[in-house]
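S.K.: quick one: sequence and predicted model below, then my questions.
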Amino acid sequence: MKTAILGLHAETSIHAGAGSALDVIDLPIQREAHTNWPCVFGSAVKGALRAAAGKGNQTDLVFGLENANSDAYAGALLVGDARLLLLPVRSLTSHFKWITCPAVLQRYQRDAERMGKSVKFTVPKIEGDMQAIAATAGEVFLEEYRFEVKQADLKEVIDALVQVSDVAGFAEALKNQLMILSDNDFSYLAKHAVPVTPHIAINSETKAVKTGALWYEETLPPETLLYVCLAANDARKKDSILSADAVLQTVQEMFTAKPYLQLGGNETVGMGWCRVKVGA
């Protein structure tokens, strides 16, 4: 088995929908059941990768057959959920901040270790809620909440995060915009600080709003950073000679010329574009 980590740096809003909901948000995004952190389920990521790969015999070997023939053999590529690493949040005192927390960073380390990757850094400890760590001490407002920020050397953490994104200037921006919050504060903001946008439907004949056609849609904002664990086996089709190395190479070549992937719904209005980095 060969492994890699796929980094996804959102360049537009992402709506990987979870279907309808019972609360005020009609179209919520996908979330982990136990943490309530935003994510994109592996099935949706795999579908987006397959769509980007196009049709062909090698596509079937990598991703598996579709429809009626899908039980003939499984795909050779194992695709995990896209897990949240950094969430951009509005700041009332400065430019937006990328937030994360010890639980997220620890899980990233464990995932990387499972994939056989070297991601070594000391996870900072947060003293309590409404406290944070950043490269510069002071007072910062995230949304309407005031945080006391203590200064710390985050070079190791930043070096690890940069492995997931190759967006120009990302490392330098992190020095000024990265904040590590407590697990509780991060979970609260991950629930309540993501964009919720109202939408309406227009009658094509009258050009007026259709009666009752109002809904609210949740999205992940641009600049969100996600990562996906990939594992490749030799092709499962009988008599195939496609190796695990070749399977991962196929995925990598998909993004050599154009390192972008469109993920989730609302493709026709430009949502879902991520910059991809393979092999972190």
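M.R.: Received, thanks. As the structure is a prediction and not an experimental result, all values here were calculated from the model.
S.K.: ranges for the strands of the protein?
M.R.: Counting by DSSP state E, the chain has strands at residues 2-10, 39-40, 77-89, 97-100, 131-134, 138-142, 145-151, 178-181, 196-202, 209-218, 225-232, 260-262, 273-278.
S.K.: which of those strands has the lowest average pLDDT?
M.R.: Ranked by mean pLDDT, the strands of the chain end with strand 209-218 in last place, scoring a mean of 87.
S.K.: list the buried ones in that one?
M.R.: Judged by neighbour count (16 or more other Cβ atoms under 10 Å), strand 209-218 contains these buried residues: 217, 218. C-beta: built from backbone N, CA, C; applies to glycine.
S.K.: tell me the angle the lowest-mean-pLDDT helix or strand in the chain makes with strand 196-202.
M.R.: Sorting the helices and strands of the chain by mean pLDDT, DSSP states H and E puts strand 209-218 at the bottom, at a mean of 87. Counting by axes from the mean of the first three to the mean of the last three Cα atoms, to 10 degrees, strand 209-218 points 160 degrees away from the direction of strand 196-202.
S.K.: which residues touch strand 209-218?
M.R.: Residues outside strand 209-218 that contact it (Cβ atoms under 8 Å, 6 or more residues apart in numbering): 15, 24-29, 194-203.
S.K.: could you do stretch 57-73 as well?
M.R.: Against stretch 57-73 from outside (Cβ under 8 Å, 6+ apart): 46, 49-50, 53, 74-77, 235-238, 240, 242, 247, 250-251.
S.K.: mind redoing it with 6 Å?
M.R.: 50, 53, 74-77, 235-237, 240, 242, 247, 250 (Cβ atoms under 6 Å, 6 or more residues apart in numbering).
S.K.: can you pick the most crowded of the residues you listed?
M.R.: In terms of neighbours by other Cβ atoms under 10 Å, the contacts of stretch 57-73 top out with residue 76 at 27 neighbours.
S.K.: show the average pLDDT along stretch 245-258.
M.R.: Averaged over stretch 245-258, pLDDT sits at 94.
S.K.: all further residue positions should be reported with the first residue as 16.
M.R.: Sure, I'll start numbering at 16, so the last one becomes stretch 260-273.
S.K.: buried set for that stretch?
M.R.: By 16+ other Cβ under 10 Å, the buried positions in stretch 260-273 come out as 261, 262, 263, 265, 266, 269, 270.
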